[in-house]
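Participant: okay, here's the prediction I keep looking at, along with the sequence it came from:
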Number of protein chains: 4
Amino acid sequence: MSTDETPRITLEQFDGLIRETVPSAGDHPYSIISLGWGEAVLRADYRDAHLRAGGTLSGPTMMTLADAVLYAAVLTRIGYEPLAVTADLNIRFLRKPAPRPLIARARLIRLGRKLAVGTIEIATEGEQHGVLVGPLVAHATGTYALP
Amino acid sequence: MSTDETPRITLEQFDGLIRETVPSAGDHPYSIISLGWGEAVLRADYRDAHLRAGGTLSGPTMMTLADAVLYAAVLTRIGYEPLAVTADLNIRFLRKPAPRPLIARARLIRLGRKLAVGTIEIATEGEQHGVLVGPLVAHATGTYALP
Amino acid sequence: MSTDETPRITLEQFDGLIRETVPSAGDHPYSIISLGWGEAVLRADYRDAHLRAGGTLSGPTMMTLADAVLYAAVLTRIGYEPLAVTADLNIRFLRKPAPRPLIARARLIRLGRKLAVGTIEIATEGEQHGVLVGPLVAHATGTYALP
Amino acid sequence: MSTDETPRITLEQFDGLIRETVPSAGDHPYSIISLGWGEAVLRADYRDAHLRAGGTLSGPTMMTLADAVLYAAVLTRIGYEPLAVTADLNIRFLRKPAPRPLIARARLIRLGRKLAVGTIEIATEGEQHGVLVGPLVAHATGTYALP
């Protein structure tokens, strides 16, 4: 039934939760583009602190974004849950991203009682706000442990 | 010959390099405990911003630390190099770390012309400064691409 | 130009190559469903030797399949190359597969001069030959080193 | 108490279990070198079918070995259990192994109620039977799901 597939968290709830549970998220100017059923899209603007030698966004900036967008995708299925924690993250950096905002999209590929597994694609934002363009700059897969 | 196995970067050089190339490293109160030949040990104190719900250190805090200590281990072999970049990182979170400083140890397991691969162990600091104790809180493996 | 995007290996060439370079492939009754530009779909029938306790296909059966289909996707771009070798493989087993043929689909997400990176999805074959249905039983990402 | 740290499976039990639960293990001439508490060492001889172009042992041969030795390490802690299954495996191939027997050593780094996590090192056998020498040819980490 389609009413079952309404995301169990709103943009506002996720925004509040990530700021409350992960205080360093405040360093990252994230905005949520969309939440679906087991899917989420986040936009991450950057600050000069996220650049590294060569003028590209740093690896930890993309790891933190991958972790956050997967968290959002998990919450679309299980609802508001501050105690879901990352169990593992595998990230591959594919190209040096230009110093522009990033768009990250996560999709769950398995949701069990104890673990949620998803894939994450990260690319540079195109000319349209919130739209991912061009080749991926990073790809990740990760697992959240559910309380 | 043992003189060949002197680390090709000093504590001071690494400290300067990480602050210069990865400005966000300034958010993390790192200190280098030791540098060997293909090995490095880092200590990471924390700030409240690195805590997450439940009072434990956040996943991104440990990812950033894993990435930094592996970078140090790479530089002990190739010398000062701002343009070595992370190609991939696989991290597994094993236990929720107490809100105490972390010790991370990286060791290279392969150094080629283009890629360096290493393992990273992260544990909570014991009562002695800079000494890793107890079970691992995270384990990672990663690759740096060499310019 | 679209003529540039003709796969640089044919089904017959890949079939010959995998049998010649990886003799154990003969244990796995593979057939190639399709080859695209940076994409490949393989079907793997199974033998009783690939089952494990509980009547499901074994982990190594799926790892071997993931490795083979990624190899095919790489060859669609670089052409016939017996000396491309796997540099790493990260595989996640999502559900126990029923004892039925598997369909695996690989897509390159980066092709450099030295490394090719791709994602692999594995699911159980549906009622139609060569068509992947239902939820994924495994997901992998991997890298091939190019000679 | 040290009596608590007797491996909960014997060499003979593991040998029987792997042949029974994973019939394809019969293709791999494994022998168990030692079992400890959360640790196992396996030796894998090879057949021509495990060689690939260039005269090296194939990737799937090492993946299968990594999976088997981690299984042995898990069983040293939980005892005889045909239904423990691989949840994920991350393997990195570091050097092309010579066509000689391989030695693989697994160590658990976490054992929970539902999941066991371990690291695996693979190297070529030295002149002494069962002894790992030289640089690693592969490194892996993996998770088993416990029933």
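Facilitator: Here it is on my side, so go on.

Participant: per-residue pLDDT, A:Gly79?
Facilitator: Here the pLDDT value assigned to A:Gly79 is 95.

Participant: isn't it right up against A:Pro7?
Facilitator: No - using CB atoms under 8 Å as the test, A:Gly79 is too far from A:Pro7 to be in contact (9.0 Å). All C-beta spots, glycine's among them, are computed from the backbone N, C-alpha and C.

Participant: now the element after the least confident helix or strand in chain A by mean pLDDT, going C-ward?
Facilitator: One helix or strand of chain A scores below all others by mean pLDDT, DSSP states H and E: strand A:51-52, with a mean of 70. Remark: after strand A:51-52, the chain's next helix or strand is strand A:56-57, criterion DSSP states H and E.

Participant: near chain B, anything from the longest helix belonging to chain A?
Facilitator: With secondary structure taken from DSSP state H, chain A has its longest helix at helix A:59-78. Yes - Helix A:59-78 reaches chain B (CB under 8 Å from any CB of the partner chain) through A:59-61, A:63-64, A:67.

Participant: hmm, back to that, which one of A:Gly79 and A:Pro7 has more residues nearby?
Facilitator: Set A:Gly79 next to A:Pro7 and count neighbours by other CB atoms under 10 Å in any protein chain shown: A:Pro7 wins out with 21 against 11.

Participant: could you report the neighbour count for the closest residue to A:Glu127 other than its chain neighbours?
Facilitator: Leaving aside its chain neighbours, A:Glu127 sits nearest to A:Val133 (7.8 Å; criterion: CB to CB, 6 or more residues apart in numbering or on different chains). A count of nearby residues for A:Val133, using other CB under 10 Å, gives 11.

Participant: again, but for the one 3 residues further on
Facilitator: Around A:Leu136 there are 21 other residues, counting by other CB under 10 Å.

Participant: torsion angles phi and psi at it?
Facilitator: Note on A:Leu136: backbone dihedrals following degrees, to the nearest 10 are phi -60, psi 140.

Participant: can you check the one 4 residues further on too?
Facilitator: Listed backbone geometry of A:Ala140 is phi -140, psi 160, with angles given as degrees, to the nearest 10.

Participant: contact residues of chain A facing chain D?
Facilitator: Contact residues (CB under 8 Å from any CB) of chain A with chain D: A:88, A:90, A:114.

Participant: any regions of chain A where pLDDT drops low?
Facilitator: Residue ranges of chain A with pLDDT under 70: A:1-3, A:22-28, A:49-50, A:53.

Participant: what about the residue of it found nearest chain D, neighbour count?
Facilitator: Nearest residue of chain A to chain D, counting by CB to the nearest CB: A:Lys114, 5.9 Å away. Other residues lying near A:Lys114 total 15 when counted by other CB under 10 Å.

Participant: for it, which residues are in contact?
Facilitator: Each residue near A:Lys114 by CB atoms under 8 Å, 6 or more residues apart in numbering or on different chains is listed here: A:145-146, D:114.

Participant: 10 Å instead, please
Facilitator: A:87, A:143-147, D:112-115, D:145 (CB atoms under 10 Å, 6 or more residues apart in numbering or on different chains).

Participant: give me the buried subset of those.
Facilitator: Neighbour counting by 16 or more other CB atoms under 10 Å in any protein chain shown classes A:87, A:143-146, D:115, D:145 among these as buried.

Participant: nearest to chain B, of those residues?
Facilitator: A:Ala87 (5.8 Å).

Participant: that closest one contacts C:Arg92, correct?
Facilitator: No - contact between A:Ala87 and C:Arg92 fails when scored by CB atoms under 10 Å: they sit 11.3 Å apart.

Participant: between those two, which contacts overlap?
Facilitator: In contact with both A:Ala87 and C:Arg92: A:117, A:142-143, D:143, using CB under 10 Å, 6+ apart.

Participant: in these, find the pair that's most separated.
Facilitator: Distance extremes for those: the farthest pair is A:Gly142 and D:Thr143 at 13.0 Å, using CB to CB.

Participant: need the overlap of contacts for those two.
Facilitator: Common neighbours of A:Gly142 and D:Thr143, counting by CB under 10 Å, 6+ apart, are A:87-88, C:92.

Participant: I'd like those residues as a markdown table, with secondary structure appended.
Facilitator: Output for those, formatted as a markdown table (DSSP: H, G, I helix; E, B strand; the rest coil):
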| residue | secondary structure |
| --- | --- |
| A:Ala87 | strand |
| A:Asp88 | strand |
| C:Arg92 | strand |
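
Participant: closest to B:Val74 out of those residues?
Facilitator: Set against B:Val74, the nearest of the shared contacts of A:Gly142 and D:Thr143 by CB to CB is A:Asp88 (22.5 Å).

Participant: now do the contacts for the residue nearest to the closest one when sequence neighbours are not counted.
Facilitator: Setting aside the residues directly before and after it, A:Asp88 is nearest to B:Arg92 in space (CB to CB, 6+ apart), at 4.5 Å. B:Arg92 makes contact with A:86-90, A:143, B:136, B:138-141, D:88, D:90, D:109-110, D:117, D:119, D:141-143 under the criterion CB under 10 Å, 6+ apart.

Participant: who's in contact with the residue nearest the centre of chain A?
Facilitator: Geometric centre of chain A, nearest residue: A:Val69, 1.5 Å, by CA atoms, centre = their mean. The contact partners of A:Val69, taken as CB under 10 Å, 6+ apart, are A:30, A:32-33, A:39-44, A:102-107, A:118, A:120-122, A:140, A:142.

Participant: now swap in A:Gly112 and tell me
Facilitator: Listed by CB under 10 Å, 6+ apart, the contact set of A:Gly112 reads A:143, A:146, C:94-95, D:114, D:145.

Participant: including secondary structure, could the residues you listed go into TSV?
Facilitator: TSV is the format used below for these (three-state DSSP):
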residue	secondary structure
A:Thr143	strand
A:Leu146	coil
C:Leu94	coil
C:Arg95	coil
D:Lys114	coil
D:Ala145	strand
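
Participant: let me know the closest of those to D:Gly16.
Facilitator: Nearest to D:Gly16 among these, counting by CB to CB, is D:Ala145 at 22.0 Å.

Participant: wait, isn't that closest one in contact with D:Ala87?
Facilitator: Yes - under the criterion of CB under 10 Å, D:Ala145 makes contact with D:Ala87 at 4.4 Å.

Participant: list the residues that contact both of the two?
Facilitator: Counting by CB under 10 Å, 6+ apart, the shared contacts of D:Ala145 and D:Ala87 are A:115, C:93, D:114-116.

Participant: same list (the contacts of A:Lys114) but as CSV, adding distance to C:Ile18.
Facilitator: Formatted as CSV, those follow (distance: CB to CB, whole Å):
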residue, distance to C:Ile18
A:Ala87, 35
A:Thr143, 31
A:Tyr144, 36
A:Ala145, 38
A:Leu146, 40
A:Pro147, 45
D:Gly112, 39
D:Arg113, 41
D:Lys114, 37
D:Leu115, 34
D:Ala145, 31
